[in-house]
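**Student:** how would this look folded up:
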Amino acid sequence: MRPRKSGGESRRQLSPEQAATAAMVAQARERGLTLTGPDGLLKVFTKNVLETALNEE
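**Tutor:** The predicted model follows:
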């Protein structure tokens with residue numbers, strides 16, 4: 001997924017998905033959580049996404 005660009009702005013705008021990801025990573029770092037590993041944000045997030053998708057079927 002590529003960042004959205006608007007008009008002649010040189011500033012990079014994040015997609016909603018990128019903004020949500022950046023916020024989650026920032027919160028995890030503030031809490032001292034790891035991003036990867038057995039108890040990391042990535043594993044927990046992936047597990048939650050998969051479980052939610054399976055429950056929706």
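
**Student:** Spell out, range by range, the strands that occur in the chain.
**Tutor:** Assigned strands in the chain: none (criterion: DSSP state E).

**Student:** what ranges do the helices span in it?
**Tutor:** Secondary structure of the chain (DSSP state H): helices at 16-30, 41-56.

**Student:** Redo the ones you listed as TSV? Include mean neighbour count.
**Tutor:** For glycine as for every other residue, the C-beta is placed from the backbone atoms N, C-alpha and C. Putting the helices of the chain into TSV (neighbours: other C-beta atoms under 10 Å) gives the following:
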stretch	mean neighbour count
helix 16-30	12
helix 41-56	11
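
**Student:** Need those in a markdown table (columns: mean pLDDT).
**Tutor:** Shown next, in a markdown table, are the helices of the chain (pLDDT from 0 to 100):
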| stretch | mean pLDDT |
| --- | --- |
| helix 16-30 | 94 |
| helix 41-56 | 94 |
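
**Student:** And the residue nearest the centre of the chain?
**Tutor:** Nearest to the geometric centre of the chain sits residue 21, at 2.1 Å (C-alpha atoms, centre = their mean).
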